[in-house]
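Participant: model the structure of this input:
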Amino acid sequence: MEYVTAVPHPRSEAAGPVQAARRSLAVALLSGALGAAVALLSTRQRWSAGTATIAGGDFPLTAKGSDVTGVPASLAIVGLAALVAVFAVRRYGRVFVAALLALSGAGTIAAALIGASDHSALDEQAAKATGDTAATVAAFTHTAWPYVAAVGGALMLLAGLLALRYAPRWPAMSGRYERDGTPRPARKAKPVDPERPEEMWKALDRGEDPTGA
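Facilitator: As a prediction, this is how the structure comes out:
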């Protein structure tokens, strides 16, 4: 009895890595863009609140994320630029921008978590409100928005790690839009028909016999 061994088709073997590259590309684009948008949006929301004592009463104070730290918003913009640049560069340049995207996400996470307990922005407001440079905020509380910004940073970090792993398999911008500095081939001159009227007149002007006699 003969046993027939099934041989996998070459196309089916190549389909696995291609599908994995496509899935990683879609996830990286979605998570990178969404993470940057979430981080930017979070910095415009209220991160912390407290009170300052003025004339025996409590004066409420609030601080937005951009008042506490400008790092998440800046890194979100850097992450977006790196996400786009992944498709514009190749080889080592692609590895560099992918690492930059991952570092932007990690930096956003760190800045957001540190900002959750940072009350320096409220202390400045308390000093201005009371006229006392040594005044500090009381009853300090923070919202969930710093942690939302950290989630945005985690999404950017995920996009960067996916880019580091799969970016060599992702498509790049078409080479026809790139210039490598090589000179373009010279255009060949079209053959001249000596029997055309204008060519015959040109030959007569040069003192030649257009009939060739």
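
Participant: so which residues of this protein form strands?
Facilitator: For the chain, strands defined by DSSP state E occupy the ranges 46-54, 57-64, 138-142.

Participant: which one of these is the most hemmed in?
Facilitator: When the strands of the chain are scored by mean count of other Cβ atoms under 10 Å, the highest mean neighbour count falls to strand 46-54 (a mean of 20). (C-beta placed from N, C-alpha, C; glycine too.)

Participant: dump the strands of the chain to TSV, plus distance to L158.
Facilitator: As requested, the strands of the chain are exported to TSV (distance: least, Cβ to Cβ, whole Å):
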stretch	distance to L158
strand 46-54	23
strand 57-64	26
strand 138-142	25
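
Participant: L157 is nearest to which of these?
Facilitator: strand 46-54 (20.7 Å; Cβ to Cβ).

Participant: contacts for that closest one next, please.
Facilitator: With contacts defined as Cβ atoms under 8 Å, 6 or more residues apart in numbering, strand 46-54 is touched by 58-65, 67-68, 115-116, 118-119, 121-122, 125-126, 129-130, 135, 137-143, 145-146.

Participant: do stretch 138-145 as well
Facilitator: Residues from elsewhere that reach stretch 138-145 (Cβ under 8 Å, 6+ apart): 42, 45-53, 58, 65, 116-117, 119, 122.

Participant: got the buried residues for the lengthiest helix in the chain?
Facilitator: In the chain, with assignment by DSSP state H, the single longest helix is helix 10-43. Under the neighbour-count criterion of 16 or more other Cβ atoms under 10 Å, helix 10-43 has 21, 24-25, 28-29, 31-33, 35-36, 38-43 buried.

Participant: could you find the lowest-pLDDT member of those residues?
Facilitator: Across those, the smallest pLDDT goes to A21, namely 73.

Participant: can you pull out the low-pLDDT segments for this structure?
Facilitator: 1-18, 172-201, 203-205, 207-213 (pLDDT under 70).

Participant: please redo it, this time with the cut-off set to 80
Facilitator: By pLDDT under 80, the low-scoring segments of the chain are 1-22, 55-56, 87, 90-91, 167-213.

Participant: re the thing from before, what is the longest helix of the chain packed up against?
Facilitator: Counting contacts by 3 or more Cβ pairs under 8 Å, 6 or more residues apart in numbering; DSSP states H and E, helix 10-43 packs against helix 65-68, helix 71-85, helix 92-116, helix 145-166.

Participant: nearest to K202, out of those?
Facilitator: Of the helices and strands packed on helix 10-43, nearest to K202 by Cβ to Cβ is helix 92-116, at 54.6 Å.

Participant: and the angle for that closest one with helix 71-85?
Facilitator: Angle, helix 92-116 to helix 71-85, by axes from the mean of the first three to the mean of the last three Cα atoms, to 10 degrees: 160 degrees.
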